[in-house]
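**Q** I'll drop the sequence and a predicted model, then ask my questions.
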Protein chains: 2
Amino acid sequence: MSTTVERIRNGVDTGQMFGTLDAIKADPSLARFQFRARNRWLGGSHNRSTIRDFYAANQEDTSRGADFVLDAGEPAILLGTDTGPNPAEFLLHALAACLTTAIVYVAAARKVRLTTVESTIVGDMDVQGTLGLSDDYRNGFEQIRIAFRVEGDAPEEKLQEIVARAQQRSAVFDMVTNGVHVTVDAKAA
Amino acid sequence: MSTTVERIRNGVDTGQMFGTLDAIKADPSLARFQFRARNRWLGGSHNRSTIRDFYAANQEDTSRGADFVLDAGEPAILLGTDTGPNPAEFLLHALAACLTTAIVYVAAARKVRLTTVESTIVGDMDVQGTLGLSDDYRNGFEQIRIAFRVEGDAPEEKLQEIVARAQQRSAVFDMVTNGVHVTVDAKAA
């Protein structure tokens, strides 16, 4: 008699997942990562980031076969021509994407098969801050609200626990809610 | 004799810029904005945001002719298949893009013609945090560093002042450095 073990769950290779965790436990130096983007101004509110290389597991990662290219812009009311989402919208996407992946990975580890993860995320802002018209308003969003719809083969309580655990471990949720120290250096000529 | 006024500077319509500022000064209710994204899980670490509508100047903005679609993913070492940049990389792009646009808009307002704005942004992370292996490490980046190269028709000191002012007014720089309150709601079934 053989036992069938479901190795791929929610599109995640759980064998690789637990193997990675074991490898890092054995050698924590593997856990040092550095992610990067290069950005170039193209005129007005149009600028473009190129993303590819990163550092992981004690070496430069070379597994990516091509660059990712992201164009940012602004809508007409913010003096742009819609060359891309605006930077604040990219931040909303980063947060929704990170929480979603965290939900999927946590569910895979906890043997829950998901069928749906959808979300709507909104950020409210009074642009008197960022436009320099008033110091009574911050520059960024006053608040961000994200509403998930999660479906899978587990009771509601277990699915809610998965969402809660995802918040506790999401890299972008941590950064957006707690803040990160940012150093800005400029060479000007 | 007529005076020539340069209205478009750095690709920014400065006439529209100062008109917008005057309109908001006259009616601050115009400054209430809400940005949004909708995200859907597509399997594993692949998820997709759709961005289009937003609220501004007391109404739903309908100026955008098409959706923006952003795909997120993870590299192989983080159990993905490179369906897009990962969420933390999107955050780096959001920050670089916002600071860049702020530099360009501040320079336009201060009558400085820019020729180059380029940047490299990096974020350092020990993934023992986000993987749940150790509470000694935060989930997100320990620090983010961005290095700009800015060129234009002003002395270095003035260009540095523009970069400094951009930091003071960038929406994403504010959010990433100071944090934002995020509410997560989940309907699970």
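**A** Everything's here; your move. Numbering: from 1, shown residues only, chains lettered A, B, ... in the order given.
**Q** which stretches of chain A form strands?
**A** Assigned by DSSP state E, the strands in chain A fall at A:8-9, A:12-13, A:32-43, A:46-51, A:54-56, A:59-61, A:68-72, A:114-126, A:143-152, A:181-188.
**Q** got the CA coordinates for the longest helix seen in chain A in PDB?
**A** Longest helix of chain A, by residue count under DSSP state H: helix A:87-109. Extracted in PDB, the C-alpha atoms of helix A:87-109 (Å, rounded to 0.1, in the frame of the first residue of the first chain):
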ATOM      1  CA  PRO A  87       3.400  55.400  -8.100                       C
ATOM      2  CA  ALA A  88       0.800  55.300  -5.400                       C
ATOM      3  CA  GLU A  89      -1.200  52.800  -7.400                       C
ATOM      4  CA  PHE A  90       1.900  50.600  -7.800                       C
ATOM      5  CA  LEU A  91       2.200  50.600  -4.000                       C
ATOM      6  CA  LEU A  92      -1.400  49.400  -3.700                       C
ATOM      7  CA  HIS A  93      -0.600  46.600  -6.200                       C
ATOM      8  CA  ALA A  94       2.600  45.700  -4.300                       C
ATOM      9  CA  LEU A  95       0.600  45.300  -1.100                       C
ATOM     10  CA  ALA A  96      -2.300  43.400  -2.600                       C
ATOM     11  CA  ALA A  97       0.100  41.100  -4.500                       C
ATOM     12  CA  CYS A  98       2.200  40.400  -1.400                       C
ATOM     13  CA  LEU A  99      -0.800  39.600   0.800                       C
ATOM     14  CA  THR A 100      -2.200  37.400  -1.900                       C
ATOM     15  CA  THR A 101       1.000  35.400  -2.300                       C
ATOM     16  CA  ALA A 102       1.300  35.100   1.500                       C
ATOM     17  CA  ILE A 103      -2.300  33.700   1.700                       C
ATOM     18  CA  VAL A 104      -1.600  31.200  -1.100                       C
ATOM     19  CA  TYR A 105       1.800  30.000   0.500                       C
ATOM     20  CA  VAL A 106       0.400  29.800   4.000                       C
ATOM     21  CA  ALA A 107      -2.600  27.800   2.700                       C
ATOM     22  CA  ALA A 108      -0.300  25.400   0.800                       C
ATOM     23  CA  ALA A 109       1.700  24.800   3.900                       C
END
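**Q** any bit of that helix sitting next to chain B?
**A** Yes. Using C-beta under 8 Å from any C-beta of the partner chain, a contact is recorded between helix A:87-109 and chain B, made by A:87-101, A:103-105. Just so you know, the C-beta spots here come from the backbone N, C-alpha and C atoms, and that holds for glycine as well.
**Q** make a markdown table out of the strands of chain A and add mean neighbour count.
**A** As requested, the strands of chain A are exported to a markdown table (neighbours: other C-beta atoms under 10 Å in any protein chain shown):
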| stretch | mean neighbour count |
| --- | --- |
| strand A:8-9 | 16 |
| strand A:12-13 | 20 |
| strand A:32-43 | 20 |
| strand A:46-51 | 23 |
| strand A:54-56 | 20 |
| strand A:59-61 | 12 |
| strand A:68-72 | 19 |
| strand A:114-126 | 20 |
| strand A:143-152 | 19 |
| strand A:181-188 | 16 |
